[in-house]
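1. the sequence and its predicted three-dimensional model are supplied below.
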Amino acid sequence: MKSLMSLWNVLLADAGKRCCTSIEKDMETCQSRFKDEGVSFLTITLSNFGKDLQRALDQGYIDSNLFLGFKRKGGLPAFLQGFLRHIFDETSGGLLHNPCIDCIHSIRQLTFVFSKVELPCTENRIREAFNSYVQCEQELRKSDSSGTGRKQSLTPLVNLAFAMLFGNVVNGINRELSLGCYDHFLPRHGPGATSDTLVGNQKFYQSEWPRRLEELLPFGDFCLPNWRYFDSEVEFLEPGSERPVRVISVPKTLKRPRIIAIEPTAMQYAQQAILGRLLEGFKRDDYLKNLITIHDQTPNQRMALEGSKDGSLSTVDLSEASDRVSNQLVRGLVAPWPDFLQVLDATRSRSARLPGGEVIRLAKYASMGSALTFPVETMVFMAIVFASAYELSSHKDWSILKKELASRVRVYGDDIVCPTDIVHHVIANLETLGLRVNSDKTFTRGSFRESCGKEYYDGCDVSIVKLTQVFPARRDDASEVVAMVSFRNLLYMQGYWTTCQWLDDRIRRILRHFPILEPTSPGIGRVSVSFAPEGTKEHPDLQKPLIKAYVKSARIPINSVDGSAALLKCFLSGFNPDPEHLERSGRPHGFGIKLRWTPVA
């Protein structure tokens, strides 16, 4: 962990040169607090400082509620004041008319650089995360049962907005389900874990199928090459005997782990079939194809940039978004389409098993881990935004409203961009329906905006680079090596060249070969504006240079499939260029790095 402190000192010196400010006191403060508080100062306390900077930029001044735990000197915190005085007035704490963009970027880089380092949480923090998961369920049930006047008047309007936006897509899916057009639904198995512990090719040996799924997605049509392969040993699970999702924690930050739910194989398989049909419907719809881009975050990012320039658009972020979408809310939205409602219910796991073995009934639509969580929550949040706009609209005409908002609203999961003149009404309606807005990442005033991993201030990109893994101790720490090199290269593109020199020295202690490579090269190397690779040779068959560099190397586990299960896989995947796909499957248990001759670009 001392190496993280050393890196921060070098990064601070680099930022000080960049902004022409003194940094000696800041270095002393950080070293002293790191000695007292440990790594949590770097990963949690500094991150809170950065969040307070963003809040001050949004509201236009520093008040007494910000930068708690740091000494004040005049109207500003003493820590990093050399940078802050180029952003805020030293006496009043008010935002300057033309704050220094480099100083804003530098403070953000210094305070958030370690905010995403994957470090194991304490047992207490993990326990608190699971308790929050259970508490969220309790709050959802309470919200579902509360019938306040505001909620009663809002819900029908959100249902109407959902129908106006997604009616054509859902109508098509509902019709296909009612007619039994199963060839329009292509299921598939993912590479991830399942609650029944099947991995890779073993998932094609489907031995259980929920009775709820059988009513709409018959086992013979979805899990067999054709009905003549039907095996009476297949167990059809009644609702009371279905497998619950398995709730686990995965590393996220030192402050809090991420809680996810691992779905059963059958549910995961069926969810993919509905997901594919939904995405196809979005692409075919003339209006939705430009409004929802499930696999592309750049529209949100471009609109955040626009909002930072003129303030016309605001960015909203939700906390625990997937866990707070009520199943009751989703059922109400899709109630006019009974077959679609039934298939959403059939592909939804109704219970969850906690690490202690306790099984709880779920009030949420689905936890993070279901293939349908992301598109369904996107549709729900989009409907709430449009319903909010309709409430404030003077003309009350849906066709006009859709035209007005076509280029002014985007929803990507829990990242929402909407017009500033309706954002507070959107936030109020989201919370009325049981959702929780993350105030630390929601920006409605000022010139700072953030969406989908990109941050902007007054039309300038102030996005930063974050370290995701601790430093490697040896070459065998392959994931840490790759993360460190990636971090170094991204910092280089940001202009922190002195820091990159320090990182290069550390990397060369681990990698004997660390050449200059183009970003498109598969090798592990460093990017540089002075591209002059040495020690190259020509490819024996192609006219391109090769250079010695380490490359990632992973072997897919042996996991074979044969018989009707292999035939089903071939039908579902079509032409597979991997000749071993029936012998090997699933995610590699890990990867290593090997020295090879690799293309320079």
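-> Arrived safely, thanks for sending. These figures come from a predicted structure and were not determined experimentally. Numbering: from 1, shown residues only.

2. longest helix in this protein, please.
-> The longest helix of the chain (DSSP state H) is helix 149-179.

3. what pLDDT, on average, does it get?
-> Average pLDDT, helix 149-179: 93.

4. same thing with stretch 214-231?
-> pLDDT averaged over stretch 214-231 gives 87.

5. and that stretch, how far from the chain's centre?
-> For stretch 214-231, the separation from the chain centroid amounts to 35 Å (computed by C-alpha atoms, centre = their mean, to the nearest Å).

6. who touches that stretch?
-> With contacts defined as C-beta atoms under 8 Å, 6 or more residues apart in numbering, stretch 214-231 is touched by 177, 182, 185, 187, 206, 209, 213, 234, 236, 269-270, 273, 339, 342-343, 346, 564, 567-568, 571. Backbone N, C-alpha and C define where each C-beta goes, glycine included.

7. and those, which of them are in strands?
-> Trp209, Phe236 (DSSP state E).

8. what about the contacts of stretch 214-231, which are in helices?
-> Using DSSP H, these in helices are 177, 213, 269-270, 273, 339, 342-343, 346, 564, 567-568, 571.

9. can I get those in TSV with neighbour count and distance to Thr420?
-> Shown next, in TSV, are those (neighbours: other C-beta atoms under 10 Å; distance: C-beta to C-beta, whole Å):
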residue	neighbour count	distance to Thr420
Leu177	22	40
Leu213	22	44
Tyr269	26	43
Ala270	28	41
Ala273	20	39
Asp339	17	40
Gln342	17	40
Val343	27	38
Ala346	19	41
Ser564	18	57
Leu567	16	56
Leu568	21	51
Phe571	12	51
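
10. quick revisit: next, the angle from the longest helix of the chain to helix 338-346.
-> 100 degrees (axes from the mean of the first three to the mean of the last three C-alpha atoms, to 10 degrees).

11. how about the helices in the stretch 401-550 of the chain?
-> Using DSSP state H, counting those that start in this stretch, the helices of the stretch 401-550 of the chain run over 420-432, 478-494, 497-508.

12. as TSV, those helices with distance to Glu28 would be great.
-> Formatted as TSV, these follow (distance: least, C-beta to C-beta, whole Å):
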stretch	distance to Glu28
helix 420-432	41
helix 478-494	24
helix 497-508	19
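
13. which of these sits closest to Val409?
-> helix 420-432 (9.4 Å; C-beta to C-beta).

14. can you tell me what sits against the closest one?
-> Contacts for helix 420-432 (C-beta under 8 Å, 6+ apart): 148, 150-151, 154, 158, 307, 311-314, 316, 318, 381, 384-385, 387-389, 391-392, 416, 418, 437, 442, 444.

15. show me the shaky parts of the stretch 1-150 of the chain.
-> 147 (pLDDT under 70).

16. would you mark the buried spots in whatever helix or strand Leu275 lives in?
-> In the assignment (DSSP states H and E), Leu275 maps to helix 265-284. Within helix 265-284, the residues that count as buried by 16 or more other C-beta atoms under 10 Å are 265-278, 280-282.

17. same question, stretch 537-546
-> Buried residues in stretch 537-546, counted by 16+ other C-beta under 10 Å: Leu546.

18. from here on, call the first residue 13.
-> New numbering, starting at 13: the last item is stretch 549-558.

19. domain-wise, how is the protein divided?
-> 14-127, 139-469, 490-611 (automatic domain parsing).

20. distance to Pro484 for these - can I get that in TSV?
-> Below are those laid out as TSV (distance: least, C-beta to C-beta, whole Å):
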stretch	distance to Pro484
domain 14-127	10
domain 139-469	16
domain 490-611	4
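
21. wait, which of those is closest to Phe483?
-> domain 14-127 (4.9 Å).

22. quick one: distance of the closest one to the chain centre.
-> 26 Å.

23. kindly report the same for stretch 191-206.
-> Using C-alpha atoms, centre = their mean, the distance between the centre of stretch 191-206 and that of its chain works out at 23 Å.

24. just stretch 398-417 next, same as before
-> On C-alpha atoms, centre = their mean, the centre of stretch 398-417 falls 30 Å from that of its chain.

25. list of residues touching it?
-> Residues contacting stretch 398-417 (C-beta under 8 Å, 6+ apart): 166, 169-170, 172-173, 176-177, 299, 397, 421, 430-431, 433-434, 437-438, 441.

26. now the buried members of those residues.
-> By 16+ other C-beta under 10 Å, those give 166, 169-170, 172-173, 176-177, 299, 397, 421, 430-431, 434, 437-438, 441 as buried.

27. closest to Glu462 among these?
-> Cys430 (14.1 Å).

28. how much space separates that closest one from Ile396?
-> 10 Å (C-beta to C-beta, to the nearest Å).

29. with Arg360 instead?
-> With the distance defined as C-beta to C-beta, Arg360 ends up 20 Å from Ile396.

30. which residues in the stretch 313-462 of the chain form strands?
-> Ranges of strands in the stretch 313-462 of the chain, per DSSP state E, counting those that start in this stretch, are 325-331, 363-365, 371-373, 422-424, 427-431, 448-449, 460-463.

31. could you list the low-confidence segments of the stretch 263-412 of the chain?
-> Using pLDDT under 70, nothing in the stretch 263-412 of the chain is flagged.

32. do a quick rundown of the helices in it.
-> 277-296, 310-322, 339-346, 350-358, 385-404, 410-417.

33. show me how far the fifth one is from its chain's centre.
-> The gap between where helix 385-404 is centred and where its chain is centred comes out at 19 Å by C-alpha atoms, centre = their mean.

34. may I have it as CSV, with CA atoms only?
-> The C-alpha atoms that make up helix 385-404 are tabulated as CSV, following Å, rounded to 0.1, in the frame of the first residue of the first chain:
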residue,chain,number,x,y,z
THR,A,385,-32.7,-6.1,-15.5
PHE,A,386,-30.9,-3.5,-17.7
PRO,A,387,-33.4,-3.2,-20.5
VAL,A,388,-36.4,-3.3,-18.2
GLU,A,389,-35.1,-0.6,-15.9
THR,A,390,-34.2,1.5,-18.9
MET,A,391,-37.8,1.3,-20.1
VAL,A,392,-39.2,2.1,-16.7
PHE,A,393,-37.0,5.1,-16.1
MET,A,394,-37.7,6.4,-19.7
ALA,A,395,-41.4,6.1,-19.0
ILE,A,396,-41.1,8.1,-15.8
VAL,A,397,-39.1,10.9,-17.6
PHE,A,398,-41.7,11.2,-20.3
ALA,A,399,-44.6,11.1,-17.8
SER,A,400,-42.9,13.9,-15.9
ALA,A,401,-42.5,16.0,-19.0
TYR,A,402,-46.1,15.4,-19.9
GLU,A,403,-47.3,16.7,-16.5
LEU,A,404,-45.4,20.0,-17.1
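
35. residues of it that come out buried?
-> Buried, per 16+ other C-beta under 10 Å, within helix 385-404: 385-403.
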